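Chemist: Using only what follows, build the 3D model:
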Amino acid sequence: MLAAGGTAADALIAAQAVLCVIMPDACGLGGDMLALVRGPDAAIEAINGTGAAPIGMTRVSNDGPDSVTVPGIVDAWCTLHHRHGRLPLGTSLAPAIGLARDGMRVSPALARALSAQRARLGKGGAAAWALFGRGQGDLIVQPELAALLHRIADDGALAFYRGDGARAITAAIHARGGALNEADMAAHRTEVASPIETGWGACTLATQPPMTQGVLLSMAAAGFARLDTLSRDLYDHAAIELTEAAFGYRADAGRGRELLEITLPVDLARASLRGGPRAYLHTAGVAVADADGMVISSLVSVFDDFGSAVFVPELGITLNNRAGGFTHGANAAAPGKRPVHTLAPAMLSTPHGVLALATPGADGQVQTLLQVLIAVVREELDLAAAIARPRWRSEEGLLLIEESHPARERLAALGHRVTPLPDGEMRFGAVVGAGYVGDVPLAVADWRRETWAGVA
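Modeler: Okay, the predicted model is just below:
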């Protein structure tokens, strides 16, 4: 798309659409998209492509029809294209349409997910799906998905949120007792707002505003910035303490910038063992920069593997289970409300240029990005080195850590419940980065999981 004269927005849509075809376990047209867009004028805007719970919702669950919120990704694509695209939308969607129409091979990761989620998919009506029961290397064609993408290319968001598209989605929901209806679909709108920006030395960190937990990354970064005399051997310990303290405010993420006024407690002498975030995973990230200086960081997701597992046969998609993100307090479920999202794209403006960063990993996103940002901002490592080195993840009372991490013994001595895992284990994320150092473009892929990077 860039070589064809498109902007970073055109390229981002193309990449996300391809991911929706080849990785339906992680993302899809039944899911959501969030992006931070830095224009050539250096202004950053936050695009919130997430949907609300049904107005008629009477119950909520973590799975099945009562877990579905209005899918936001299609309208987010159309909003991004309208604001920043240069190529026709059909040009950006053409590679995904071709893959769905002409066929793709089932990857090892997708084959594992299909096998593990077979019962859920069957319950959700996916037994007739071209992917159901298929194995690694099988050639799959998805004509219904190809046709849907083609209609979106021609008619934009109307092809999804009204008419036959909306009717197919609500029929699949109603057949299983869910509440989402055509009025919920028609009422959906993408939100465009200013990001949450946090100063960190000579750098500025931008994160997504509510309703995402990106503000937790801002809180942890602001807390680390206050520790300006911290010795290097305490960096990881302090970051863990700040992460766990920030996640105590997850249900209040809707307060946004107001949370930055809170000073997070950090005990530098021992682990506080606050419990840590949850064990969710999933998601896919895309970061793009173009020759005109536009830089975008984004994440796409259906939440759990295949989302709710509710299948829409006319469209060839499964729907999200993002209502499973409702918890308690200010984040308690309510009709027409958006839950707090795990998706947390980030953007770092430095004296040398701007970097867009994103990673899958649900509650691990904040932690992974914090470690990379500390390495770049405080230790002045290049982005590739910062992404490549070993990581940790606080999860449900344990400190998961890659076995080659040099601070393992030090962290254990401070009282953390250190649990070594093999280097590259998927819970440690998979960062993608794009941007500029001076006038030099860069793209960086993580060696963990399956990622790609290219510069032209």
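Chemist: Can you show me the strands along the stretch 1-150 of the chain?
Modeler: 32-38, 44-49, 104-105, 139-140 (DSSP state E, counting those that start in this stretch).
Chemist: Now the residue nearest to the spatial centre of the chain: closest residue in space that isn't a chain neighbour?
Modeler: Nearest to the geometric centre of the chain sits Leu299, at 3.3 Å (CA atoms, centre = their mean). Leaving aside its chain neighbours, Leu299 sits nearest to Leu343 (4.2 Å; criterion: CB to CB, 6 or more residues apart in numbering). Just so you know, the C-beta spots here come from the backbone N, C-alpha and C atoms, and that holds for glycine as well.
Chemist: Buried deepest among the strands of the stretch 1-150 of the chain, which one?
Modeler: strand 32-38 (a mean of 28; mean count of other CB atoms under 10 Å).
Chemist: Once you drop chain neighbours, what's closest to Thr359?
Modeler: Nearest to Thr359 is Gly429, by CB to CB, 6+ apart, at 4.0 Å.
Chemist: repeat for Arg176
Modeler: Using CB to CB, 6+ apart, the nearest residue to Arg176 is Pro65, at 4.2 Å.
Chemist: Burial check on that neighbour, number of neighbours?
Modeler: When neighbours are defined as other CB atoms under 10 Å, Pro65 has 24 of them.
Chemist: what's near enough to touch it?
Modeler: Pro65 sits next to 173, 176-180, 308, 310 when contact means CB atoms under 8 Å, 6 or more residues apart in numbering.
Chemist: Kindly present the residues you listed as a markdown table, with separate columns for distance to Asn48.
Modeler: Listed next are the contacts of Pro65 as a markdown table, based on distance: CB to CB, whole Å:
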| residue | distance to Asn48 |
| --- | --- |
| Ile173 | 23 |
| Arg176 | 28 |
| Gly177 | 29 |
| Gly178 | 23 |
| Ala179 | 23 |
| Leu180 | 19 |
| Ser308 | 21 |
| Val310 | 23 |
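Chemist: ok, of those, which come out buried?
Modeler: Among those, those buried by neighbour count (16 or more other CB atoms under 10 Å) are 173, 176, 178-180, 308, 310.
Chemist: Among those, which one lies nearest to Ala222?
Modeler: Distances from Ala222 to the buried ones among the contacts of Pro65, taken as CB to CB, are shortest for Ser308 (35.4 Å).
Chemist: which residues does that closest one contact?
Modeler: Taking CB under 8 Å, 6+ apart, one finds 63-65, 67-68, 124, 302, 318-321 in contact with Ser308.
Chemist: Okay, His328 and Ala119: tell me how far apart.
Modeler: 29 Å (CB to CB, to the nearest Å).
Chemist: whoops, Ile173 was the one
Modeler: According to CB to CB, Ile173 and Ala119 sit 20 Å apart.
Chemist: again with Asp41
Modeler: Taking CB to CB as the measure, Asp41 falls 51 Å from Ala119.
Chemist: Tell me the first helix or strand C-terminal of whichever helix or strand the residue nearest to the centre of the chain is part of.
Modeler: Per DSSP states H and E, Leu299 falls inside strand 295-301. Of the helices and strands lying after strand 295-301 in sequence (DSSP H and E), the nearest is strand 311-312.
Chemist: Any idea what the residue nearest to the centre of the chain is bridged to?
Modeler: Judged by DSSP bridges, the bridge partners of Leu299 are Leu34, Gly285.
Chemist: pLDDT at it, what is it?
Modeler: pLDDT for Leu299: 96.
Chemist: next one: Arg449
Modeler: pLDDT for Arg449: 87.
Chemist: Can you verify it is assigned to a strand?
Modeler: No - under DSSP: H, G, I helix; E, B strand; the rest coil, Arg449 sits outside any strand and is assigned coil.
Chemist: so what's the closest residue to Pro40 other than its chain neighbours up against?
Modeler: Excluding its sequence neighbours, the residue lying closest to Pro40 (CB to CB, 6+ apart) is Gly293, at 4.0 Å. Residues near Gly293 by CB under 8 Å, 6+ apart: 38-40, 42, 436.
Chemist: May I ask which of those residues has the most neighbours?
Modeler: Arg38 leads the contacts of Gly293 on contacts (other CB under 10 Å) with 23 neighbours.
Chemist: so it bridges to which residues?
Modeler: Going by DSSP bridges, Arg38 is paired in beta bridges with Ile44, Val295.
Chemist: So for it, what's the pLDDT?
Modeler: In this model, Arg38 carries a pLDDT of 97.
Chemist: That one contacts Asp292, doesn't it?
Modeler: No - Arg38 lies out of contact with Asp292 (CB atoms under 8 Å); the separation is 11.1 Å.
Chemist: Arg378 - how many residues pack around it?
Modeler: If you count neighbours by other CB under 10 Å, Arg378 ends up with 18.
Chemist: For Ala221, see how far away it is.
Modeler: Separation of Arg378 from Ala221 (CB to CB): 10 Å.
Chemist: which other residues reach stretch 128-144?
Modeler: Residues outside stretch 128-144 that contact it (CB under 8 Å, 6+ apart) are 21, 24, 100-108, 110-111, 114-115, 118, 121-122, 126, 311, 313-316.
Chemist: quick one: it to chain centroid distance?
Modeler: For stretch 128-144, the distance from its own C-alpha centre to the chain's C-alpha centre is 25 Å (CA atoms, centre = their mean, to the nearest Å).
Chemist: List the buried residues for that stretch?
Modeler: Here stretch 128-144 shows 129-131, 134, 138, 140, 142, 144 as buried, counting by 16+ other CB under 10 Å.
Chemist: Could you identify the most distant pair in these?
Modeler: Pairwise distances across the buried residues of stretch 128-144 peak at 17.5 Å for Asp138 and Glu144 (criterion: CB to CB).
Chemist: which stretches of the stretch 101-250 of the chain form helices?
Modeler: Assigned by DSSP state H, counting those that start in this stretch, the stretch 101-250 of the chain shows helices spanning 108-116, 118-123, 143-155, 158-161, 163-174, 182-187, 214-226, 235-247.
Chemist: got those as a markdown table, with distance to Ala384 and mean pLDDT columns?
Modeler: Putting the helices of the stretch 101-250 of the chain into a markdown table (distance: least, CB to CB, whole Å; pLDDT from 0 to 100) gives the following:
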| stretch | distance to Ala384 | mean pLDDT |
| --- | --- | --- |
| helix 108-116 | 24 | 96 |
| helix 118-123 | 38 | 97 |
| helix 143-155 | 34 | 98 |
| helix 158-161 | 38 | 98 |
| helix 163-174 | 41 | 98 |
| helix 182-187 | 42 | 98 |
| helix 214-226 | 21 | 96 |
| helix 235-247 | 19 | 96 |
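Chemist: So which of those helices is nearest Ile196?
Modeler: Ile196 sits nearest to helix 214-226 of all the helices of the stretch 101-250 of the chain, at 5.2 Å, using CB to CB.
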